[in-house]
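In: The sequence and its predicted three-dimensional model are supplied below.
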There are 2 protein chains.
Amino acid sequence: MREPDTKSWRGVQTELLRRINEREWTPGSLVPNEIELAQEFGCARTTVNRAMRELADAGLLDRRRKAGTRVALHPISRIVLDIPIIRLEVEQRNAEWRQNLLEKTSCVPPASITSRLGLDSKTTMLHVRSLHYADNHPFLHEDRWMNIDALPGVETVDFAAISANEWLIQNAPYTTGDIAFTAMNANKDIAEILEAVEGVAIFVVDRITWNKGEPITCVRLSYAPGYRMNTKI
Amino acid sequence: MREPDTKSWRGVQTELLRRINEREWTPGSLVPNEIELAQEFGCARTTVNRAMRELADAGLLDRRRKAGTRVALHPISRIVLDIPIIRLEVEQRNAEWRQNLLEKTSCVPPASITSRLGLDSKTTMLHVRSLHYADNHPFLHEDRWMNIDALPGVETVDFAAISANEWLIQNAPYTTGDIAFTAMNANKDIAEILEAVEGVAIFVVDRITWNKGEPITCVRLSYAPGYRMNTKI
DNA sequence: TAGTGGTCTAGACCACCCT
DNA sequence: GGGTGGTCTAGACCACTAC
């Protein structure tokens, strides 16, 4: 348990964190400016700046030019979720991954899909559904629509050999996306696919991605009952 | 749509991102070192360093001393979730927030709680249950256990006036925490509290926090049916 | 307009770790 | 051993905005 050197940016950050946590600086109060803190810690202003900038990024400090730096009134906790490739997520659980391609068709999606993507309601898209297994137990159902125009060559990919999830991550960059987590009761189809009981609570992830404004893909992941998404704060 | 100046760290970062996205630099390949890039962009090495450091933090680059910088093989998408105070979450939806304190008792929690917190199984804790409303509709049920020893004065707080959620954020710093998201079928009690049908799928958040190794609180948030947790990538 | 944070520079030294 | 990234410094100029 070595205390970081006070003159390093980590050391300064640790000390600032301590003052915030122990209410030496109360929420909403003005804290000394960078120059004063640099003098106090005997380091360069740049060093203080880096320490404070990261705390501001984390939502603990509120910084404005001229107005100075204040301790945030409502420290929101910011959680970082790493969403890996499904195959890796299964393998990290020390389980054997495999998938079963259930469907691969080119057709016109329901209006709910095209409208969310901002596409013409008559656009033909590639529909791929696949069941991912962990040690031969159903792990999740991937129900995906892909924009053929934005993904050259996608129609000839063998999605039985590589999952759509993995192919896209390796071949289709995106700039923005929406993601939503929710809980749903399994309907008859999903229950049957996941070898579960109809009506059981299912953890669902909906994701849409765009590349520079061009729609790429829209996917719903339905996890097998009992799935928990864990992370550390 | 102004292009950021190439000499600024944002400009450099944008250009590096473009090279990664457009596969000019393929996954796993070695990219030029900081000095070479600084010369190419006509800026200081510090500027390149900042641009690359943030991309490495985001998981897009893999950097090691001496070995150099490589494009990450498995670009994991990293999602940042902001978890606000419940009252603010409700108010951000333009709804009126209020809560109804259902229970406040000091008692010995079930073993499942103490064991997860690492406490003696006979420790007395403060149990607070509260129903949060949005515009007079049940929004979520907060079921919380608090470590009395770690929270001086907690027994005299009026949790009908301020929610436990909000009081803790303002009064109890924490250093680490576990958080888990899952889906559960509403049992009879939860269904009744949330004015929902028994068995409906409920989005559940379990959170445990510690302060320097000392357990602080353990909470389960059960959201009303239909709740979606959204964020941008 | 003046105070504050945001950023850039050129240089330096160091820690790490591949070869 | 030596190349690379990690960090610190002192100074400078700029952008924003409260006053």
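Out: Happy to help now that I have it.

In: going forward, measure contacts between C-alpha atoms and count neighbours the same way
Out: OK.

In: and chain A, what are its domains?
Out: Domains of chain A are assigned by automatic domain parsing as A:9-71, A:86-223.

In: could I get those domains as a markdown table with mean pLDDT?
Out: Formatted as a markdown table, these follow (pLDDT from 0 to 100):
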| stretch | mean pLDDT |
| --- | --- |
| domain A:9-71 | 93 |
| domain A:86-223 | 94 |
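
In: Figure out which of those domains is closest to residue B:206.
Out: Smallest distance to residue B:206 across these (CA to CA): 14.2 Å, for domain A:86-223.

In: Report the distance from the closest one to the chain centre.
Out: 15 Å (CA atoms, centre = their mean, to the nearest Å).

In: Is it positioned near chain B?
Out: Yes. Counting by CA under 8 Å from any CA of the partner chain, chain B is contacted by domain A:86-223 at A:169-170, A:173-174, A:176-185, A:199-203.

In: Of those residues, which count as buried by neighbour count?
Out: A:169, A:173-174, A:177, A:179-185, A:199-203 (16 or more other CA atoms under 10 Å in any protein chain shown).

In: State the pair within those that is farthest apart.
Out: Maximum pairwise distance among those (CA to CA): 36.2 Å, between A:173 and A:199.

In: thinking again about what came up before, take the buried ones among the residues of domain A:86-223 next to chain B and keep only those in strands.
Out: A:177, A:179-185, A:201-203 (DSSP state E).

In: From chain B, how far off is whichever residue of chain A sits closest to DNA strand D?
Out: Across chain A, the shortest distance to DNA strand D (CA to the nearest atom of the strand) belongs to residue A:8, at 2.5 Å. Distance, residue A:8 to chain B, by CA to the nearest CA, to the nearest Å: 17 Å.

In: Got the phi and psi for the residue nearest to that residue when sequence neighbours are not counted?
Out: Sequence neighbours aside, residue A:47 is the residue nearest to residue A:8 in space, at 7.0 Å (criterion: CA to CA, 6 or more residues apart in numbering or on different chains). With angles defined as degrees, to the nearest 10, residue A:47 sits at phi -70, psi -50.

In: and residue A:47, what is it in contact with?
Out: By CA atoms under 8 Å, 6 or more residues apart in numbering or on different chains, residue A:47 lies in contact with A:8-9, A:12, A:38.

In: neighbour-wise, which of the residues you listed leads?
Out: residue A:12 (24 neighbours; other CA atoms under 10 Å in any protein chain shown).

In: give the contact list for it.
Out: A:6, A:41, A:47-48, A:51.

In: Please list only the buried members of the residues you listed.
Out: A:41, A:47-48, A:51.

In: Out of those, list just those in helices.
Out: Those of these mapping onto helices are A:41, A:47-48, A:51, per DSSP state H.

In: Include distance to DNA strand C when you put those into JSON lines, please.
Out: Output for those, formatted as JSON lines (distance: CA to the nearest atom of the strand, whole Å):
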{"residue": "A:41", "distance to DNA strand C": "15"}
{"residue": "A:47", "distance to DNA strand C": "9"}
{"residue": "A:48", "distance to DNA strand C": "9"}
{"residue": "A:51", "distance to DNA strand C": "10"}
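
In: Which of those residues sits closest to residue B:101?
Out: residue A:51 (40.1 Å).

In: which residues does that closest one contact?
Out: Taking CA under 8 Å, 6+ apart, one finds A:9-10, A:12-13 in contact with residue A:51.

In: farthest-separated two in the contacts of residue A:12?
Out: A:41 and A:51 (12.1 Å).

In: Quick one: distance of stretch A:74-92 to the chain centre.
Out: That offset, for stretch A:74-92, works out to 6 Å (CA atoms, centre = their mean).

In: Please identify the buried residues of that stretch?
Out: In stretch A:74-92, counting by 16+ other CA under 10 Å, buried: A:74-79, A:81, A:84-88, A:90.

In: all strands of chain A, in order?
Out: Under DSSP E, chain A gives strands at A:30-31, A:61-64, A:68-71, A:77-83, A:97-107, A:125-134, A:137-146, A:176-185, A:201-211, A:214-223, A:228-232.

In: could I get these as JSON lines with distance to residue A:114?
Out: Formatted as JSON lines, the strands of chain A follow (distance: least, CA to CA, whole Å):
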{"stretch": "strand A:30-31", "distance to residue A:114": "49"}
{"stretch": "strand A:61-64", "distance to residue A:114": "40"}
{"stretch": "strand A:68-71", "distance to residue A:114": "44"}
{"stretch": "strand A:77-83", "distance to residue A:114": "25"}
{"stretch": "strand A:97-107", "distance to residue A:114": "12"}
{"stretch": "strand A:125-134", "distance to residue A:114": "9"}
{"stretch": "strand A:137-146", "distance to residue A:114": "10"}
{"stretch": "strand A:176-185", "distance to residue A:114": "15"}
{"stretch": "strand A:201-211", "distance to residue A:114": "11"}
{"stretch": "strand A:214-223", "distance to residue A:114": "9"}
{"stretch": "strand A:228-232", "distance to residue A:114": "29"}
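
In: if we compare the ones you listed, which one ends up closest to residue B:233?
Out: Shortest separation from residue B:233 across those is recorded for strand A:176-185, at 4.9 Å, computed as CA to CA.

In: and chain A, which residues reach DNA strand C?
Out: Within chain A, the residues that sit near DNA strand C (CA under 7 Å from any atom of the strand) are A:32-35, A:46, A:49, A:53, A:63-69.

In: one more time with 10 Å
Out: Neighbours of DNA strand C within chain A, by CA under 10 Å from any atom of the strand: A:30-37, A:44-54, A:56-57, A:61-70.

In: Give me the neighbour count for residue A:62.
Out: Residues near residue A:62, counting by other CA under 10 Å: 21.

In: Any idea how many residues pack against the closest residue to residue A:49 other than its chain neighbours?
Out: Nearest residue to residue A:49 in three dimensions, chain neighbours excluded: residue A:34, at 6.5 Å (CA to CA, 6+ apart). For residue A:34, the count of nearby residues is 18 (other CA under 10 Å).

In: and residue A:34, what does it touch?
Out: Here residue A:34 is in contact with A:45, A:48-49 (CA under 8 Å, 6+ apart).

In: between these, which is nearest chain B?
Out: Nearest to chain B among these: residue A:49, at 13.3 Å, using CA to the nearest CA.

In: For residue A:74, see how far away that closest one is.
Out: As judged by CA to CA, to the nearest Å, residue A:49 and residue A:74 stand 22 Å apart.

In: Check residue A:216 too.
Out: 36 Å.

In: now do residue A:19
Out: 16 Å.
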